[in-house]
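1. let's see this in three dimensions:
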Amino acid sequence: MRPGPRNLVTDVAGLAVGNAHDPRLRSGTTVLTAAAPFTAAVAVQGGAPGTRETDLLDPERTAPGADALVLSGGSAFGLAAAQGVMDALAEAGRGFPVLSARVPIVPAAILFDLLNGGDKDWEANPYPALGRQALAAAGPGFALGTAGAGAGAQTARVKGGLGSASLVLETGATVGALVAVNPMGCVLTPSGRHFWAAPFEMGNEFGGLGPDPARGLQPLPPSAKAAAMARQGNTTIGIVATDARLDKAQARRLAVAAHDGIARAVVPAHTPHDGDLVFAAATGARALADPLAELTALCHAGAICMARAIARAVWEAAEEPGDTLPALRSLLGA
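-> Residues are numbered from 1 along each chain as shown. Presented below is the predicted three-dimensional model:
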């Protein structure tokens, strides 16, 4: 396996990602879309999720695919970003046909970033406009770190952010992950100088810091985030995507496996305070010659991509005036 040419989820041909965020708000939205509907599924492992249209992604539901997937800050307010995306897609003639009508299918998930120091005293919900802006910006290249849905994200000890990574398998299939990292847990080991995801790094994509040399179980340091957030939601939300031809049940298995990547990169993960969720997206461009064996390989790659994307999100986070938590690279002088 090797990273794709961009080391982004958009190495899956046909996918596009767009970001929009408001620095004053310290929040934003990220949209993944394609020129045609794609197979989509979801797996939720956190105890405090915030979602829209996820019931449609169950394998027994009628909707055959999605037109876009939305990751957003803003807690429940951020679910309105999907409305902005849906309206823009409808204006473009996109959507699931129902007789003479078309209804865009735009599932969404949100993270809690309402207590990060940004100005949340808005008169009108800003997220529909952010959703439209993110969709309009969608393309093969996009910013990581303090961008899009990760613009206001935080981890237990340092700023979170938006991350992505990809892999090209020996079969030629491509897998990618996109993630907004805002967990209650730690992305760094107790030393604060190494990533839990270090064993999965490819090249120096998140600093080449290597694994923590400390051996055995180390107690986690107190969370700088917990005092303000302990009774609120947090969340790591992401998308794992592939060009393989999967049905909804197979896509859901891919989403389930990608949660292993969250657990490898965030400690603790899937807590009662986190709404950890992974969407799966499959464009169907590549048929599976050996479905069971190839799905197993895709799931393994999806978990690796998710762990790497989480570490990249934190590594790429930028320090900004008024931050309530530091950016890792500022702490390390990198």
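2. element containing residue 239, please.
-> For residue 239, the host element (DSSP states H and E) is strand 236-244.
3. I meant residue 167, not that one.
-> Taking DSSP H and E as the definition, one finds residue 167 inside strand 161-168.
4. so what does that strand touch, helix or strand wise?
-> With contacts taken as 3 or more CB pairs under 8 Å, 6 or more residues apart in numbering; DSSP states H and E, strand 161-168 sits against strand 174-181, helix 291-315. All C-beta spots, glycine's among them, are computed from the backbone N, C-alpha and C.
5. helices or strands next to the first one in the packing?
-> With contacts defined as 3+ CB pairs under 8 Å, 6+ apart, the packing partners of strand 174-181 are strand 27-44, strand 161-168, strand 236-244, helix 291-315.
6. thinking again about what came up before, distance from the chain centre to the strand holding residue 167, please.
-> On the basis of CA atoms, centre = their mean, to the nearest Å, strand 161-168 is displaced by 9 Å from the centre of the chain it belongs to.
7. okay, the angle between that strand and strand 174-181?
-> If you take axes from the mean of the first three to the mean of the last three CA atoms, to 10 degrees, strand 161-168 sits at 170 degrees to strand 174-181.
8. for strand 161-168, C-alpha coordinates in PDB please.
-> Extracted C-alpha coordinates of strand 161-168, given in PDB (Å, rounded to 0.1, in the frame of the first residue of the first chain):
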ATOM      1  CA  GLY A 161      -8.600  20.200  13.000                       C
ATOM      2  CA  LEU A 162      -9.500  18.700   9.700                       C
ATOM      3  CA  GLY A 163      -7.400  15.800   8.400                       C
ATOM      4  CA  SER A 164      -7.300  13.500   5.400                       C
ATOM      5  CA  ALA A 165      -5.200  10.600   4.100                       C
ATOM      6  CA  SER A 166      -5.300   8.000   1.400                       C
ATOM      7  CA  LEU A 167      -4.000   4.600   0.300                       C
ATOM      8  CA  VAL A 168      -3.700   2.800  -3.000                       C
END
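9. got the angle for it vs strand 236-244?
-> Using the same axes, to 10 degrees: strand 161-168 against strand 236-244 is 20 degrees.
10. okay, the angle between strand 161-168 and strand 27-44?
-> Using the same axes, to 10 degrees: strand 161-168 against strand 27-44 is 50 degrees.
11. surely residue 88 meets residue 132?
-> Yes: with contact defined as CB atoms under 8 Å, residue 88 and residue 132 form a contacting pair (5.1 Å).
12. just name the most buried of the helices and strands packed on strand 161-168.
-> Scoring those by mean neighbour count under mean count of other CB atoms under 10 Å gives strand 174-181 as the most buried, with a mean of 31.
13. mean confidence score for that strand?
-> Average pLDDT, strand 174-181: 98.
14. stretch 313-330 now?
-> Averaged across stretch 313-330, pLDDT comes to 94.
15. likewise stretch 45-65?
-> For stretch 45-65, mean pLDDT is 92.
16. tell me the buried residues in it?
-> Within stretch 45-65, the residues that count as buried by 16 or more other CB atoms under 10 Å are 45-46, 48-54, 56-57, 63, 65.
17. with stretch 261-274 instead?
-> For stretch 261-274, burial by neighbour count (16+ other CB under 10 Å) applies to 261, 262, 263, 264, 265, 266, 267, 269, 270, 271, 273, 274.
18. contacts for it?
-> Here stretch 261-274 makes contact (CB atoms under 8 Å, 6 or more residues apart in numbering) with 45-48, 155, 177, 181, 183-187, 195-197, 200, 220, 229-236, 238, 259, 276, 278, 302-311.
19. ok, and the closest non-adjacent residue to residue 30?
-> With CB to CB, 6 or more residues apart in numbering as the criterion, residue 30 has its nearest non-adjacent residue at 3.5 Å, and that residue is residue 148.
20. with that, I have no additional questions.
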